[in-house]
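Colleague: Based on what follows, work out the 3D shape:
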Amino acid sequence: MYGERIVAFIDLLGFKNAVYESVYDVDIKRRIQAIFDILNREFQDTYKEDDNFSLSKATGKEMTFFSDCVVISYNEKAMGGIFYTLIDLVHLCIDFGYNGFLVRGGVVCGEIYHKKNVCYGPAMNVAYLLESKIAQNPMIRIDKSIFKSIEKYKAEHHSIMQEYEYIFHLLKTGAYYLDYLAQYQEFDSFDYYCKYLKKIKKEIECNLLYYREDNKVLEKYQWYKEYYNEVIKQQIEDDYQHLFLIK
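Modeller: Below is the predicted model of the structure:
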């Protein structure tokens, strides 16, 4: 019934409140529709039925989304599956952030049954607990089970060191969470990446002001601001950082 899979569980923070607000706010309604357009496109790409080569078919990728939650998994035969899972999450986080939603989640390796909209098992429980209890701030935490499985899931043409290098490039140095804001190579150009960062800056500044009386939400945006500023200091030349940094 169960198989060992790499499992990512992510939650869109503030989505439920946004649904209520969308009744009278056209912009929020547009953002919600954009999220579901993204998810529908990802779902269709995952389960595309044709005879051409498909990375999803080759790696046994499964995807489920419901309300404000998304589950993605790759099977035990997915060489490079950990890297592919993290890259999927990088792209989703970038798209969700562009539409004004923060993401929190957990990534684990363990036993689960996952076929389209049917998803359950011990690994699902662990991923959910990692998201809801451990990852208090808007981050995607990586469970230690992932690091123990890197050698098993490495791409055939990579050495162990190469696989570690590719995976850790996607993670925050010294911490075990996804460093998606720093992945400029996933954009069409560095100019487009800079435009994205400026949009994120505006979103953070607006929400820090909007939630100034709501300590619970405000703490999350303060953490996100610190993470964002760290990325700016790493990725943007000193002479231009003042255009991006949030004071």
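Colleague: lowest average confidence, helix or strand, in the protein?
Modeller: None of the helices or strands of the chain scores lower by mean pLDDT, DSSP states H and E than helix 55-59, at a mean of 67.
Colleague: helix or strand right after that one?
Modeller: The C-terminal neighbour of helix 55-59 among helices and strands, as given by DSSP states H and E, is strand 62-66.
Colleague: Run through the neighbouring helices and strands of that next one.
Modeller: The helices and strands touching strand 62-66, judged by 3 or more CB pairs under 8 Å, 6 or more residues apart in numbering; DSSP states H and E, are helix 26-46, strand 69-75, strand 103-115, strand 118-120. From N, CA and C alone the C-beta is placed, and that goes for glycine too.
Colleague: What pLDDT does the model give the nearest residue to residue 241 once chain neighbours are set aside?
Modeller: What sits nearest to residue 241 in space, not counting adjacent residues and going by CB to CB, 6 or more residues apart in numbering, is residue 232, at 5.7 Å. Per-residue confidence (pLDDT) for residue 232: 97.
Colleague: Buried residues, the helix or strand harbouring residue 232. List them.
Modeller: Residue 232 belongs to helix 215-235 when assigned by DSSP H and E. Of all the residues in helix 215-235, those buried under the rule 16 or more other CB atoms under 10 Å are 217, 218, 220, 221, 224, 225, 227, 228, 229, 231, 232, 235.
Colleague: ok, now how distant is the residue nearest to residue 241 from residue 200?
Modeller: Distance, residue 232 to residue 200, using CB to CB, to the nearest Å: 10 Å.
Colleague: ditto for residue 3
Modeller: For residue 3 relative to residue 200 (CB to CB), the value is 37 Å.
Colleague: again with residue 214
Modeller: In terms of CB to CB, residue 214 sits 20 Å off from residue 200.
Colleague: Same question for residue 133.
Modeller: Residue 133 is 26 Å from residue 200, by CB to CB.
Colleague: So for these two, which residue has more residues nearby?
Modeller: residue 200 (21 against 9; other CB atoms under 10 Å).
Colleague: Just to check, that one is in contact with residue 181?
Modeller: Yes. Counting by CB atoms under 8 Å, residue 200 touches residue 181, with 7.1 Å between them.
Colleague: Now for the two: what residues contact both?
Modeller: Common neighbours of residue 200 and residue 181 are listed as 97, 228 (criterion: CB atoms under 8 Å, 6 or more residues apart in numbering).
Colleague: Now do the most centrally placed residue in the chain against residue 81, distance only.
Modeller: In the chain, the residue lying closest to the centroid (CA atoms, centre = their mean) is residue 89, at 3.4 Å. Between residue 89 and residue 81 the distance is 13 Å, computed by CB to CB.
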